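here is a sequence together with a model predicted from it:
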Amino acid sequence: MRTLNHRQLMGFRAVMITGSMTGAGRILHLSQPAVTRLIKDLEQELQLALFTRSGSAVKPTPQALDLFREVERYFDGVERIVETARHLRDRRGGRLRVAAMPTLSSRSLPEAIRRFKAIEPQVDFFIHSDTSHHIIDAVLRNEFDVGFGRVPPERTDIEHLPMPTSSAICLLPRHHHLAKKQSISVSDLQGEPLIALGTSSLLRLQIESALEAGGIRSGATIQTLYSNTVPSYVAAGLGIAVTDIFSVLGADRTNIEIRPFTPQLTFDFSAIYPPGERSPLAIAFARLMRAVVQSDINEIG
């Protein structure tokens, strides 16, 4: 197999993102036949069928979906090379590649970056949001200078700085009948519509364990992958939720009530470092992030 053609990969990526050859052509400033030729050449080079065609519509094959993940990593790598070259050329203040749980993007992470840039204004940030599992893997592959995610206790192979520990809270629609209570217990969830986190969430596992231990069956559920989207569903009156405090910090709380939850479910996470020598900027940023997290916990607590 010859070295893969960058333009073919660009064409493949554009078709996957836009869903059509015509749409890919628009964003690449190419004609539709030119994009079609790029895809056919790539399929021939890889000896894989990447799309099934029905008229003007195209549908990715399972092989194309798997390949797309690797192609995205390829383009991320190209972007990092370009950024590295720019920093070497400009000799500016440096850069930080940060991976973080989406729940931190509502306020904690932006606030930490704001404070850090007040001290180091020339530092550029590259931010990537993902689940803790993927963050750990990416940081261990040296794709990021620091990651913020939940580290399983058995992962003793990971170098990390623990962040302050908080407790899960319960979010209720403003006029929910349970809002008159000062705190919400797991037994209160019996039969109640629940806004649930994704199945890969450690907090989701903690909540399910508490429900099972109490013999509690919730009502219908709406599952959302990221906790920072939970307040919107609660505010719309679609159910109640047990979530981390960071998800509600940047949210509109006009139609939400916040209550403590029992049993106490701890929510802890860490600044995760890649193997080898740590970036001084990453160390400094992790320490500042720790201070921000503590002040955020104090606000809700």
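That came through, no problem.

pull out the buried residues from the worst-scoring helix or strand of the chain on mean pLDDT.
Among the helical and strand segments of the chain, the one scoring lowest on mean pLDDT, DSSP states H and E is helix 62-90, with a mean of 79. For helix 62-90, the neighbour count (16 or more other CB atoms under 10 Å) marks 64, 67, 68, 71 as buried. Every C-beta, even on glycine, is put in place using the N, C-alpha and C of the backbone.

what does stretch 183-201 give?
184, 185, 186, 188, 189, 192, 193, 194, 195, 196, 197, 201.

list the contacts of that stretch.
131, 133, 170-172, 178, 181, 203-204, 207, 210-211, 213-214, 216-227, 230, 233-234, 238-243, 259-263 (CB atoms under 8 Å, 6 or more residues apart in numbering).

swap the cut-off to 7 Å and go again
Residues from elsewhere that reach stretch 183-201 (CB atoms under 7 Å, 6 or more residues apart in numbering): 131, 133, 170, 178, 203-204, 210-211, 214, 216-225, 227, 230, 233-234, 238-241, 259-263.

span of that stretch from start to end?
End-to-end span of stretch 183-201 (CA to CA, to the nearest Å): 23 Å.

please begin residue numbering at 668 from this point
From this message on, residue numbering opens at 668, which makes the last subject stretch 850-868.

re earlier: of the buried residues of stretch 850-868, closest to residue 820?
The shortest approach to residue 820 among those belongs to residue 868, at 16.2 Å (CB to CB).

and residue 801, how many neighbours does it have?
Each residue near residue 801 was counted by other CB atoms under 10 Å, and the total is 15.

still on that earlier bit, and the very next helix or strand once past the least confident helix or strand of the chain, what does it pack onto?
Helices and strands here follow DSSP states H and E; after helix 729-757, the next one along the chain is strand 762-767. Contacts defined by 3 or more CB pairs under 7 Å, 6 or more residues apart in numbering; DSSP states H and E place strand 762-767 against strand 791-796, helix 799-807, strand 813-816, helix 947-967.

after strand 762-767 comes which helix or strand?
helix 775-786.

for that following helix, buried residues please.
775, 776, 778, 779, 780, 783.

just the C-alphas of that helix, formatted as CSV.
Taking C-alpha atoms only, helix 775-786 is exported to CSV below (Å, rounded to 0.1, in the frame of the first residue of the first chain):
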residue,chain,number,x,y,z
SER,A,775,-14.7,25.9,36.5
LEU,A,776,-12.4,25.4,33.6
PRO,A,777,-13.1,28.8,31.9
GLU,A,778,-12.5,30.5,35.2
ALA,A,779,-9.2,28.7,35.8
ILE,A,780,-8.1,29.7,32.3
ARG,A,781,-9.1,33.3,32.9
ARG,A,782,-7.1,33.5,36.1
PHE,A,783,-4.1,31.7,34.5
LYS,A,784,-4.0,34.0,31.5
ALA,A,785,-4.0,37.0,33.9
ILE,A,786,-0.6,35.7,35.0
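
could you say what helices and strands that helix packs with?
Using 3+ CB pairs under 7 Å, 6+ apart, helix 775-786 sits against helix 947-967.

would you turn the buried residues of helix 775-786 into JSON lines with distance to residue 805?
Formatted as JSON lines, those follow (distance: CB to CB, whole Å):
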{"residue": "775", "distance to residue 805": "20"}
{"residue": "776", "distance to residue 805": "16"}
{"residue": "778", "distance to residue 805": "23"}
{"residue": "779", "distance to residue 805": "19"}
{"residue": "780", "distance to residue 805": "19"}
{"residue": "783", "distance to residue 805": "21"}
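
which of those residues sits closest to residue 679?
residue 776 (32.1 Å).

show me where pLDDT drops low in the stretch 868-968 of the chain?
Filtered on pLDDT under 70, the stretch 868-968 of the chain yields the residue ranges 968.

how about the helices of it, start to end?
Secondary structure of the stretch 868-968 of the chain by DSSP state H, counting those that start in this stretch: the helices cover 869-880, 897-902, 913-916, 947-967.

what's the most buried one of the helices and strands packed on strand 762-767?
strand 813-816 (a mean of 28; mean count of other CB atoms under 10 Å).

what mean pLDDT does it have?
Taken as a whole, strand 813-816 has a mean pLDDT of 96.

which is the next helix or strand following that strand?
strand 827-829.

may I see the buried residues of that following strand?
In strand 827-829, counting by 16+ other CB under 10 Å, buried: 827, 828.

can you list the strands that that strand pairs with?
strand 937-939 (antiparallel) (DSSP bridges).

touching the strand it pairs with from outside, list them.
So strand 937-939 is in contact with 802-803, 806, 813-816, 818, 825, 827-830, 953, 956, going by CB under 7 Å, 6+ apart.
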